[in-house]
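Novice: pasting the sequence and the predicted model now:
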Amino acid sequence: MKNSINASRISKVLLIILVVFSSCKKEEDVIGPPQIYIMSETGYVSGDTTMAAGEEIRLKVKMMKGDNNITNFTIDVFTESVQTYFDTGMNVGEIVWEGSFIKSLAPVEEWTFTVRDREGAYGQTSLTISLDTGIAYNPLHTYSALTLGAPDNDQQEGCFSVAGGGLYFHEEAAADTVIQSDIDLLYFYSAEDKNTIASPGANIEDGIFTVNPGSWTVVNTTRYYKTSLTADDFNSAENDSIIIANYEEGEAKRKAKKLLQNDIYTFKTQCGKLGILMVNEVTGTNEGNVNIDIKIQQ
């Protein structure tokens with residue numbers, strides 16, 4: 001009888017130990033939501049700060065999985081409204097992302113960085129960027145009546161360096177990495193996008209160029225935003241305030257396509273320079289050309 005009681009007690013103790021061990025193991029297995037933080041490095045914004053309108057905002061963000069892989073990363077900027085500056089899908093355990101944006105004219109920008117996994121669990125961090133009103137706007141450099149040729153136009157160059165003002169044929173740029181590093185704009189025609197100004201990083205389909213610019217050693221990306229500005233607005237612009245006010249970071253695209261006379265686009269180059277272009281004339285297709293005026297931050 002005594003042995004039976006002892007055995008019963010031992011069984012109960014073992015059961016309690018098993019339940020406790022099982023509970024501890026489950027708690028250890030639960031890691032939680034993904035984590036995210038803004039990295040602090042020289043030249044990058046990592047906390048609340050004050051910047052001039054048009055100044056480049058460089059960011060580096062580290063994301064790490066929780067219970068599940070990271071599947072989505074977004075950057076939302078709150079001013080008087082909210083814009084999604086960045087939204088991308090992925091399926092990774094850990095990633096370091098970096099990018100650059102432009103400080104707007106808004107007095108205060110509230111930046112929110114969110115990382116999510118497939119179950120909807122998320123991690124979040126934020127910072128505030130205020131407008132420095134004590135810094136003057138930048139003057140503009142102008143390129144007038146600039147003509148770019150389509151890839152089959154052997155009389156007119158189709159690639160342009162905003163920084164140096166150089167014009168190059170596509171074949172020249174494809175064969176020279178030094179030239180590639182300077183190319184901010186290029187012109188082409190396609191059945192889908194029609195007359196288009198883009199850049200090497202615009203995900204241009206194969207077959208338009210002999211060597212696709214996306215396969216160059218140096219691939220710069222310029223982003224374009226179509227405005228409702230007029231020719232008078234363009235011609236009267238003396239500093240970059242009009243560009244800053246009319247460049248929408250979250251809405252900018254890698255192509256200015258289906259170009260028509262009097263179209264006006266603001267743009268941002270790979271190195272963070274802001275500019276504005278006006279279409280003067282569009283002629284032809286695969287062997288055609290486009291004539292534009294450009295104003296760019298000095």
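Specialist: Arrived safely, thanks for sending. Residues are numbered from 1 along each chain as shown.
Novice: and Phe234, that's in a helix?
Specialist: Yes: under DSSP: H, G, I helix; E, B strand; the rest coil, Phe234 falls within a helix.
Novice: what's the burial count for it?
Specialist: Applying other CB atoms under 10 Å, we find 18 residues neighbouring Phe234. Yep, even glycine has a C-beta here, placed from its N, CA and C like the rest.
Novice: relative to Asn280, how far out is it?
Specialist: When distance is defined by CB to CB, to the nearest Å, Phe234 is 11 Å away from Asn280.
Novice: any common contacting residues for those two?
Specialist: Residues touching both Phe234 and Asn280 (CB atoms under 8 Å, 6 or more residues apart in numbering): Asp293.
Novice: for the residue nearest to Asp233 when sequence neighbours are not counted, give me the pLDDT.
Specialist: Of all residues not flanking Asp233 in the chain, Ile242 sits nearest, at 6.6 Å (CB to CB, 6 or more residues apart in numbering). On the pLDDT scale, Ile242 is placed at 96.
Novice: doesn't Leu274 make contact with Ile242?
Specialist: No: judged on CB atoms under 8 Å, Ile242 makes no contact with Leu274 at a distance of 10.1 Å.
Novice: list the buried ones in the helix or strand hosting Asn72?
Specialist: For Asn72, the element it lies in under DSSP states H and E is strand 70-78. Neighbour-count burial for strand 70-78, with 16 or more other CB atoms under 10 Å as criterion, is recorded at Ile70, Thr71, Asn72, Phe73, Thr74, Ile75, Asp76, Val77.
Novice: likewise for stretch 56-70?
Specialist: Applying 16+ other CB under 10 Å to stretch 56-70 flags Glu56, Ile57, Leu59, Lys60, Val61, Met63, Met64, Lys65, Gly66, Asn68, Ile70 as buried.
Novice: and what of stretch 282-295?
Specialist: For stretch 282-295, by 16+ other CB under 10 Å, it's Val282, Gly288, Asn289, Val290, Asn291, Ile292, Asp293, Ile294, Lys295.
Novice: before we move on, what about stretch 198-208?
Specialist: Ala198, Ser199, Pro200, Gly201, Ala202, Ile204, Ile208.
Novice: likewise for stretch 170-182?
Specialist: His170, Glu172, Ala173, Ala174, Ile179, Gln180, Ser181, Asp182.
Novice: neighbours around Phe86, how many?
Specialist: Neighbours of Phe86 under the rule other CB under 10 Å: 17.
Novice: reformat the buried residues of stretch 56-70 into JSON lines and put pLDDT and distance to Thr266 next to each item.
Specialist: Converted to JSON lines, the buried residues of stretch 56-70 look like this (pLDDT from 0 to 100; distance: CB to CB, whole Å):
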{"residue": "Glu56", "pLDDT": "93", "distance to Thr266": "15"}
{"residue": "Ile57", "pLDDT": "96", "distance to Thr266": "17"}
{"residue": "Leu59", "pLDDT": "98", "distance to Thr266": "21"}
{"residue": "Lys60", "pLDDT": "98", "distance to Thr266": "26"}
{"residue": "Val61", "pLDDT": "98", "distance to Thr266": "26"}
{"residue": "Met63", "pLDDT": "98", "distance to Thr266": "30"}
{"residue": "Met64", "pLDDT": "98", "distance to Thr266": "36"}
{"residue": "Lys65", "pLDDT": "97", "distance to Thr266": "38"}
{"residue": "Gly66", "pLDDT": "96", "distance to Thr266": "39"}
{"residue": "Asn68", "pLDDT": "96", "distance to Thr266": "39"}
{"residue": "Ile70", "pLDDT": "98", "distance to Thr266": "32"}
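Novice: which one of those residues is nearest to Leu186?
Specialist: Checking the buried residues of stretch 56-70 against Leu186 by CB to CB gives Glu56 as the nearest, at 22.7 Å.
Novice: the nearest residue to the closest one once chain neighbours are set aside: neighbouring residues, count only.
Specialist: Leaving aside its sequence neighbours, Glu56 sits nearest to Gly272 (CB to CB, 6+ apart; 3.9 Å). Applying other CB under 10 Å, we find 15 residues neighbouring Gly272.
Novice: same question, Cys271
Specialist: Residues lying near Cys271 (other CB under 10 Å) number 12.
Novice: contacts only, for it.
Specialist: Ala163.
Novice: what about 6 Å?
Specialist: For Cys271, no residue meets the contact criterion (CB atoms under 6 Å, 6 or more residues apart in numbering).
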